[in-house]
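[1] got a sequence here, can you model it:
(one chain, ligands or ions: 1)
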Amino acid sequence: MNYRRCGDSGLLLPEISLGFWHNFGHHDDLPEARQIMRRAFDRGVTHFDLANNYGPPAGSAEENVGRILAEDFACHRDELIITTKAGHDMWVGPYGEWGSRKHLLASLDQSLKRLRLPYVDIFYSHRPDPDTRLEETMSALATAVHSGKALYVGLSKYPLKQLKKAVKILAGMGVRCVVYQPPYSILNRWPEAEGILDYLHDEKIGSVVFSPLAQGMLTPKYLEGIPEGSRAARPEGFLQEEQVAAQQKKLRKLSKLAAKAEMSINHMAINFTLAHKAVTSSIIGARTVAQLDDSLDALEAPKLNSATLKAIDKIAPALKSE
Ligand SMILES: NC(=O)c1ccc[n+]([C@@H]2O[C@H](COP(=O)([O-])OP(=O)(O)OC[C@H]3O[C@@H](n4cnc5c(N)ncnc54)[C@H](OP(=O)(O)O)[C@@H]3O)[C@@H](O)[C@H]2O)c1
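    The predicted structure follows:
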């Protein structure tokens with residue numbers, strides 16, 4: 001595993017990180033989830049990405065990961081970067097989501113309880129809140145650092161204008177925005193088209209991108225339909241059949257391109273994200289140990305050459321509207 005510096009911070013992150021959005025909730029195969037975590041760590045994945053609401057039910061991914069961390073990883077805590085986030089819909093009532101100090105700091109306390117940890121390494125504002133002043137949300141992140149409950153803070157999915165403003169506000173509070181987390185894949189090049197990746201590179205802020213396989217679409221599984229057990233076939237999955245259908249033509253073209261470049265479409269997809277100069281780490285998901293191994297093997301595949309990158313641009317150009 002190679003480790004890349006997260007912007008100009010002291011933090012090094014593995015090129016591939018593991019996320020727990022799906023596959024670690026109470027409805028999932030927990031013995032397999034435990035093996036996935038253990039295998040990832042054995043292969044050098046030192047960064048585990050969570051959020052308050054991952055499951056389902058919301059919170060259950062943190063509970064399950066907390067149990068596995070206590071039982072299997074207790075002596076490895078200082079070798080791990082554990083992140084969590086707050087901002088999406090989490091509990092009932094007016095304080096259960098968005099960007100108030102109340103929500104962020106209560107949520108962080110709840111996450112620490114579920115994770116059975118005294119602190120997380122990175123705490124994110126999971127999304128911008130249109131109705132709360134940025135100063136308030138950023139003050140909650142600063143408090144998280146000053147109280148020792150988070151070592152670093154980051155922002156996720158903020159549009160460029162708000163991101164720039166938030167970074168400045170945080171700096172004024174003596175806290176660096178160390179990392180930004182956007183979606184990024186061959187099928188979703190929004191942060192590239194919006195100039196966000198260039199801004200992060202120029203400002204030396206780390207960029208940890210998520211869903212490099214576009215939730216599994218950038219694998220061979222959906223070329224001929226929706227296979228049983230896949231995310232698009234599961235009622236609790238966030239991938240809709242219509243999303244898959246809308247991309248199928250592109251997927252077939254990308255699949256042919258990968259074959260021409262003598263690599264799997266999954267490896268092409270993961271290495272596409274890692275080819276951008278701004279990207280620190282790409283966060284994958286895995287439902288089985290075999291999927292995890294396959295994704296990590298991307299790091300041993302040849303790097304994408306300029307002809308392949310140009311062909312990708314033609315099939316799936318960077319568009320602002322994604
Ligand atoms: N900040 C945010 O707002 C945000 C939002 C979303 C995600 N994230 C983070 O990013 C992480 C990764 O997201 P993601 O799970 O969408 O990532 P992804 O790597 O794009 O998709 C992972 C899914 O692809 C399928 N897959 C993986 N390897 C495969 C293989 N070799 N063959 C066939 N199918 C394969 C599996 O789904 P099947 O069940 O279909 O097999 C797997 O669960 C999340 O866990 C979370 O930590 C953050």
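
[2] near the ligand, which residues of the stretch 101-250 of the chain show up?
    Counting by CB under 6 Å from any ligand atom, the positions of the stretch 101-250 of the chain adjacent to the ligand are 126, 156-157, 181, 210-216, 219, 221, 230-231. C-betas here are computed from N, CA, C, even on glycine.

[3] how about those, which pair is most distant?
    Farthest pair in these (CB to CB) is 126 and 221. Separation: 27.9 Å.

[4] these two: who's more crowded?
    More crowded of residue 126 and residue 221, by other CB atoms under 10 Å: residue 126, with 25 against 20.

[5] would you check that that one makes contact with residue 87?
    Yes. Applying CB atoms under 8 Å, one finds residue 126 in contact with residue 87, separated by 3.3 Å.

[6] now for these two: what residues contact both?
    Listed as contacting both residue 126 and residue 87 by CB atoms under 8 Å, 6 or more residues apart in numbering are residue 156.

[7] show me where this protein has strands.
    3-5, 12-14, 16-19, 47-49, 81-86, 120-125, 150-156, 177-181, 206-210, 281-284 (DSSP state E).

[8] counting contacts, what elements does the first one pack onto?
    It stands for strand 3-5. Applying 3 or more CB pairs under 8 Å, 6 or more residues apart in numbering; DSSP states H and E, we find strand 3-5 packed against strand 12-14.

[9] quick one: average pLDDT of the strand it packs on?
    Strand 12-14 comes out with an average pLDDT of 98.

[10] same question, stretch 162-170
    The model assigns stretch 162-170 a mean pLDDT of 98.

[11] got the contact list for that stretch?
    With CB under 8 Å, 6+ apart as the test, stretch 162-170 has contacts from 125, 128, 134-135, 137-138, 141-142, 153, 155, 158, 176-177, 180, 196, 199, 203, 205.

[12] same thing but 10 Å
    Contacting residues not belonging to stretch 162-170 are listed as 125, 128-130, 133-139, 141-142, 145, 153, 155-158, 175-178, 180, 182, 191, 194, 196, 199-200, 203, 205 [CB atoms under 10 Å, 6 or more residues apart in numbering].

[13] got a PyMOL select line for the buried ones in those residues?
    Buried residues among these (16 or more other CB atoms under 10 Å), as a PyMOL selection:
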select buried, resi 125+128+129+134+137+138+139+141+142+145+153+155+156+157+158+175+176+177+178+180+182+191+194+196+199+200+205
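
[14] list the buried residues of stretch 259-268.
    So for stretch 259-268, counting by 16+ other CB under 10 Å, buried means 261, 263-268.

[15] and those residues, which two are furthest apart?
    Once CB to CB is applied, the buried residues of stretch 259-268 give 261 and 266 as the farthest pair, at 12.6 Å.

[16] need the residues touching each of the two.
    Counting by CB under 10 Å, 6+ apart, the residues touching both residue 261 and residue 266 are residue 301.

[17] can you tell me what sits against the lengthiest helix in the chain?
    Counting residues, the longest helix in the chain under DSSP state H turns out to be helix 241-260. Helix 241-260 is contacted by residues 186-187, 214-226, 230-233, 240, 263-269, 272, 304, 307-308, 311-312, 314-316 when judged by CB under 10 Å, 6+ apart.

[18] give the bridge partners for the spatially most central residue of the chain, please.
    What sits nearest the mean C-alpha location of the chain, by CA atoms, centre = their mean, is residue 210, with 3.5 Å. Following DSSP bridges, residue 210 is listed with bridge partners residue 183, residue 283.
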